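Chemist: pasting the sequence and the predicted model now:
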Amino acid sequence: MPVELKVLGYAALLQFVQFILMAVPVNLQLGVAYTGGNRDEQKQATGVPGRLKRALENHNEGLILFTIAVLVVVLGDASSALTVNCAWAYFWARVLYIPAYASGVFLVRSLVWGVGFIATAIMLIDVLF
């Protein structure tokens, strides 16, 4: 199996982990009666639970682009040391993004996000050009 595809699988597993990391504090904050109900009334998680929810939503968005990049690399039979390193950079940036976002430290989450975003772009640029 190409390394990039394996890293994509790890990124998907990270999404499961991230969902659990978000769901527990959000349920504690908003209450099971709300989160288990029909949610006709909109409530937003705040503080760390809210940041963990937004970090998960961001992972959903980033995973789409990363998946496209991995598919282009793998289906184009264009794996290289660069694409492998970019895949790992994306993954580890996503891992670090969770505590970076949850902590709320100014600019840290944006810098970590940028690493994953640029790594994904480099994968595509390397293969397509």
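Modeler: Happy to help now that I have it. Residues are numbered from 1 along each chain as shown.
Chemist: next structured bit after the helix or strand bottoming out on mean pLDDT in the chain?
Modeler: Here the helix or strand of the chain ranked lowest by mean pLDDT, DSSP states H and E is helix 32-35, holding a mean of 88. As assigned by DSSP states H and E, the chain's next helix or strand after helix 32-35 is helix 47-75.
Chemist: circling back to that earlier point, contacts for the least confident helix or strand of the chain, please.
Modeler: 26, 27, 41, 43 (Cβ atoms under 8 Å, 6 or more residues apart in numbering). Backbone N, C-alpha and C define where each C-beta goes, glycine included.
Chemist: which among those residues end up buried?
Modeler: By neighbour count, with 16 or more other Cβ atoms under 10 Å, those hold residue 26 as buried.
Chemist: would you reformat the contacts of helix 32-35 as JSON lines and include pLDDT and distance to residue 105?
Modeler: Output for the contacts of helix 32-35, formatted as JSON lines (pLDDT from 0 to 100; distance: Cβ to Cβ, whole Å):
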{"residue": "26", "pLDDT": "95", "distance to residue 105": "21"}
{"residue": "27", "pLDDT": "93", "distance to residue 105": "25"}
{"residue": "41", "pLDDT": "88", "distance to residue 105": "32"}
{"residue": "43", "pLDDT": "90", "distance to residue 105": "26"}
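Chemist: which one of the contacts of helix 32-35 is nearest to residue 60?
Modeler: Using Cβ to Cβ, residue 26 comes nearest to residue 60 of the contacts of helix 32-35, at 15.4 Å.
Chemist: list the helices and strands the helix or strand harbouring the closest one packs on?
Modeler: In the assignment (DSSP H and E), residue 26 maps to helix 3-30. Secondary structure elements in contact with helix 3-30, counted by 3 or more Cβ pairs under 8 Å, 6 or more residues apart in numbering; DSSP states H and E, are helix 47-75, helix 81-103.
Chemist: quick one: closest of those helices to residue 10.
Modeler: It is, among the helices and strands packed on helix 3-30 and with distance given as Cβ to Cβ, helix 81-103, at 5.7 Å.
Chemist: how far away from the center of its chain is the closest one?
Modeler: In terms of Cα atoms, centre = their mean, to the nearest Å, the centre of helix 81-103 is set 8 Å apart from its chain centre.
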